[in-house]
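A.B. asks: fold the following, please.
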Amino acid sequence: MQASSRPVISNQQGLHPRLAQTVRRHLERPSQSPLAPHNKAAWDALATRPRVLGVVAGVNAAVVGLLAAAWVNPIASSAFHGWLDVLLVLLGWALLARWRPPILLLVAGFAGAGLALGGT
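C.D. replies: Numbering: from 1, shown residues only. From the prediction side, this is the model:
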């Protein structure tokens with residue numbers, strides 16, 4: 001234990017009385033957190049409004065644009081030194097999308113390819 005950490009203290013004795021119910025609920029909907037009925041009603045009402053849907057689509061497009069710009073400027077401009085680099089990346093992506101090999105195998109294979117092609 002690190003010097004700055006403290007032990008966890010609780011007044012609860014034993015397991016929580018509704019632990020099994022809570023775990024079962026989360027296992028039934030693994031990708032969702034519980035949503036209160038009033039919140040669900042509010043989101044459902046907003047989802048029927050064309051203007052809100054347009055705003056959400058615009059925000060989504062802006063985020064995609066910012067992520068693309070952040071990828072191109074510092075990452076792609078310093079990582080790709082020629083068309084062969086781009087082709088290797090596309091090949092790796094296609095292999096991953098089609099056959100889903102172990103990621104360590106891809107990393108090792110493409111690191112070896114980079115070294116064989118004169119990378120440092």
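
A.B. asks: pLDDT below threshold where in this structure?
C.D. replies: Filtered on pLDDT under 70, the chain yields the residue ranges 1-4, 30-34, 119-120.

A.B. asks: most distant residue from the middle of it?
C.D. replies: The C-alpha centroid of the chain is most remote from residue 13, which lies 36.9 Å away (CA atoms, centre = their mean).

A.B. asks: and that one, what helix or strand is that in?
C.D. replies: Using DSSP states H and E, residue 13 sits within no helix or strand.

A.B. asks: tell me the contacts of residue 49?
C.D. replies: Residues in contact with residue 49 (CB atoms under 8 Å, 6 or more residues apart in numbering): none are found. Yep, even glycine has a C-beta here, placed from its N, CA and C like the rest.

A.B. asks: how about the backbone phi and psi for it?
C.D. replies: Per-residue torsions, residue 49: phi -100, psi 120 (degrees, to the nearest 10).

A.B. asks: now it: how far from residue 40?
C.D. replies: Residue 49 sits 16 Å away from residue 40, going by CB to CB, to the nearest Å.

A.B. asks: if I look at the residue farthest from the centre of the chain, how far off is residue 19?
C.D. replies: Distance of residue 13 to residue 19, given as CB to CB: 13 Å.

A.B. asks: perfect, I'm done here.
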